[in-house]
Structure formats: structure tokens, C-alpha cells
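Visitor: need a structure here:
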Amino acid sequence: MVKARKKKVRAHQFYFVKDRVWKTLLKENKVDDIYKSKVRQINFFRYVTKPFRLLQNLLFYRMIKNVDLSEKNPVFILGHWRSGTTHMHYVFDKDPQFGTLSNYQTFSFTTSLLSKRVVKFLLSPLMPKERTQDNVKMTVDKPGEEEQPLSVSSTRSGIHSWIFPKNQSYFEKYNLFKGITAEEKKAWQNDYVKVLKTIALANDKKQLLLKNPHNTSRVKELLELFPNAKFIYIHRNPLDVYISMQHLFSKVVETQFLQYVTFPERKELIIHYFKATLEKYLAEKDLIPKENLYEVSYDDFTGNEMFHAEKIYKQLNLGGFETAKPEIQKYLDSVKKYEKNKFRDLSPETEERLRKEWKFAFDEWGY
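Guide: Predicted coordinates:
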């Protein structure tokens, strides 16, 4: 067997996992021996955080339940991983009318409502100053993705297939909704709505701005929950996405593994995720009313953010652009010197395979 490369991991996203979720996942999956130390770390933090998790549930359960998400339609930023969704999220996060999930809430979701000041103070040492995969600056207050909170509060999250990569049933069921019963789908929707209600409560019930690449293949399911939701979709050259996904797996996803898969196996997963995710998006995007969807390429958006932001606000009827414009400009000025990662070129064999298996995407967006 090929040995896994050891990496220094400062934190695992399951440190704040609910007991029920953790026990179910361990029952459904066998942890490989090389990751047993991570299990011990997770169990230690579970033990430490359990009183606070129970306290949050006791104090806020009814308040979360009573949040009405129908009052303000969520805005969903969609796009495959490594397509520019984070940059777009950071741009629109500057608008004070939106409520977003912050990084400290992302990591400590099951305790984050108790005391923002205390939680942020305790988590700051664990937060890198830059994202490992792309050097984008991070703080505890920057916006994050709600799939991670879903993964620690529910047994129904596609990201579980990234942590237990030998078990792709989570991705198939809860990203693609294949082989899923009506009851299981309803349970996922209930779990997801509860996560969103918690985020809304933490943001004074503002209109939610959500960025979660896992949602890219969930258009139909999201519309069943929010028929009038707004969607922004960003796409990128598939070859760039593939190279960047490899980097993401080696720098980030691998650090969360509880099962080992070889590098060739990871390559197959990346190819499958892209194909399955974007084929489902393309099959369902016409379900979105045209006035509620804005599509843009990464290359067009980057460097022309303000131009597209104004068009997005107008087309999606978001309102408040003039108020948000100065804050958006401040953010854009702050990242002018940002340098993208530089990767080696693809082998001719890999490029040929991607152009064949992902032909639908090259054709759809003209790459």
C-alpha cells in the first residue's frame, strides 16, 4: 500500500461535530489506521466543546426554529470549486444588506451563537492568515461556506465524501440526489434549512448571501425550498479548474481525510465531481427564472468586478448598489496586488482526456 504523505494539520472541521453525527459517520465508515490520531484529536475537542454545544442548543433552539426565511430571498453564488466563487463572495460580502456565514461560525458552528467575542478570540490562533490553496487572505470574520456547518450538524452532506473518500454515497445522494428516497431528500432539506436559519439568526435576519460550490448541483432542490431565490453562477476554463483542484486536494482536502485514497484515485474523483456537478447544473439552470440568474466567466469578472456587480444588482433586483459601491471598491483596491498561484502545465494525455470527458463544458462556455 502507498503511504500517505504526512502533513501538519492545525485543525479538523469535525472538532465541533455533534455527537450523533460523529457516531453515525463512524458506524458507516472505517477510519484508516494512519488517521487514528485525527480521530483522537476530534474526540478530545468533542469532549471539550460538548457542554457549549448543549448550551447553544438549549438557549437558541426555539429562536432558530422561529426564523422565517421566506421574508427575504437568499442569494446563492454557484460555481465549481476553484472557479472564482470565493472572490465573488468577498466582493458582495461588503454590502451591509447581506448576512453571511463568517469563518469563525463556519468552524465553530455548533457553539458560535454563544459569544462571538470569546469564540473569535479562541479560534484566531487556529486560523491561517492566508488560505493554503490560493493565498487569499483570511480572518475570522471573512465569509465562509455553509457546507462545513452542515457536515458537523447533519449526517447528510456531500462533503462527507471528501472526508471519507472511499464512500462516495454522500456526494451521490446529497449533491446529485441519486439513489435517494423522498424521505431522505426531505430530511436533507430540513437539515439545510436549519443551518440557514442559524446563519440568519446570527446576522440579525438579513438577506442571506451564500457561497457553496456543493450547491451548484442542487438548483432543483434549492428552488423547491426558495422558488424566488437569486443565483449568480461563475465558470472558469476547465483546464485551470482541474489543475487548481489537484492543488486544493493536496493542500486542504487531504488534511481532512479519514480514509486514504491514492493520487490516481483522487484524479478520478476530481474528474467525476466536475462532470457530475456541472452536468446537473446545466440540466436544471433553466428552472431558474431568467431574471433571477446571472452567469459570468472568471476571466470576465476578474478585473471588471464593479462593472459586473452593477449589472448583477440590476438584473437580480437586489437594490442598494450605490450604498455598497464604496465598500466594494475598498475591497477591490486591497487585492490589486494579489498574485494567483502558478501551476505547471498539464500533460498532453491528461489534457486530451479532459477535453473529451468534459467536452460539454468546453462547448457550453466556449473554452
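Visitor: Name the nearest residue to T100, sequence neighbours excluded.
Guide: Distances taken as CB to CB, 6 or more residues apart in numbering place P143 nearest to T100, at 4.0 Å, with adjacent residues excluded. Any C-beta I mention is one placed from the backbone N, CA and C, and that applies to glycine too.
Visitor: Please name the residues that touch that neighbour.
Guide: Remark: with contacts taken as CB atoms under 8 Å, 6 or more residues apart in numbering, P143 is in contact with H89, Y90, D93, T100, L101, S102, N103, L209, K211.
Visitor: give me the element the second one is part of.
Guide: Read it as Y90. Here Y90, judged by DSSP states H and E, is contained in helix 85-92.
Visitor: Can you name every helix or strand that the helix or strand that that helix is followed by contacts?
Guide: Sequence order places strand 98-99 as the next helix or strand after helix 85-92, per DSSP H and E. Applying 3 or more CB pairs under 8 Å, 6 or more residues apart in numbering; DSSP states H and E, we find strand 98-99 packed against helix 182-202, strand 207-211.
Visitor: what does strand 98-99 contact?
Guide: Residues outside strand 98-99 that contact it (CB under 8 Å, 6+ apart): V75, F92, I199, A200, A202, N203, D204, K205, K206, Q207, L208, L209.
Visitor: quick one: which of these is nearest I232?
Guide: V75 (6.9 Å; CB to CB).
Visitor: ok, now how distant is the closest one from S161?
Guide: According to CB to CB, to the nearest Å, V75 stands 26 Å off from S161.
Visitor: Now do the same for G319: helix, strand or coil?
Guide: Following DSSP: H, G, I helix; E, B strand; the rest coil, G319 is assigned to coil.
Visitor: For it, grab the count of nearby residues.
Guide: G319 is flanked by 13 other residues according to other CB atoms under 10 Å.
Visitor: what helix or strand does the spatially closest residue to it that is not a sequence neighbour sit in?
Guide: Leaving out its chain neighbours, the residue that sits closest to G319 by CB to CB, 6+ apart is Y313, at 7.2 Å. Here Y313 sits within helix 305-315, counting by DSSP H and E.
Visitor: what's the angle from that helix to helix 85-92?
Guide: Using axes from the mean of the first three to the mean of the last three CA atoms, to 10 degrees, the direction of helix 305-315 lies 70 degrees away from that of helix 85-92.
Visitor: Residues contacting the helix or strand containing R266 from elsewhere in the structure, which ones?
Guide: Per DSSP H and E, R266 falls inside helix 263-284. Residues from elsewhere that reach helix 263-284 (CB under 8 Å, 6+ apart): 78, 80-81, 165, 168, 171, 175-176, 213, 216-217, 219-220, 233, 238, 241-242, 245-246, 249, 261, 353-354, 357-358, 360-361, 364.
Visitor: quick revisit: among the contacts of strand 98-99, the buried ones, what's the ChimeraX command?
Guide: In ChimeraX syntax, the buried subset of the contacts of strand 98-99 is picked out as below (16 or more other CB atoms under 10 Å):
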select :75,92,199,200,202,203,205,206,207,208,209
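Visitor: Let me know the closest of the contacts of strand 98-99 to E322.
Guide: Comparing those against E322 with CB to CB places F92 closest, at 14.6 Å.
Visitor: Contact partners for the nearest residue to that closest one once chain neighbours are set aside?
Guide: Ranked by CB to CB, 6+ apart and with sequence neighbours excluded, the top spatial neighbour of F92 is L209, at 5.7 Å. Contact analysis of L209 by CB under 8 Å, 6+ apart lists P74, V75, I77, H89, F92, D93, D95, F98, G99, T100, P143.
Visitor: gap between S157 and P264?
Guide: From S157 over to P264 the distance is 26 Å, taken as CB to CB.
Visitor: The two - which one has more neighbours?
Guide: Just comparing S157 and P264: by other CB under 10 Å the higher neighbour count belongs to S157, 29 against 8.
Visitor: And the strand or helix carrying R40, what does it pack against?
Guide: Here R40 sits within helix 36-65, counting by DSSP H and E. Packed against helix 36-65 by the contact rule (3+ CB pairs under 8 Å, 6+ apart) you find helix 19-28, helix 182-202.
Visitor: What residues does R20 make contact with?
Guide: R20 is in contact with T155, counting by CB under 8 Å, 6+ apart.
Visitor: Ok, K72 next?
Guide: K205, K206, Q207, L208.
Visitor: can I get those residues in a markdown table with distance to T110 and pLDDT?
Guide: Output for the contacts of K72, formatted as a markdown table (distance: CB to CB, whole Å; pLDDT from 0 to 100):
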| residue | distance to T110 | pLDDT |
| --- | --- | --- |
| K205 | 20 | 94 |
| K206 | 22 | 96 |
| Q207 | 24 | 97 |
| L208 | 19 | 98 |
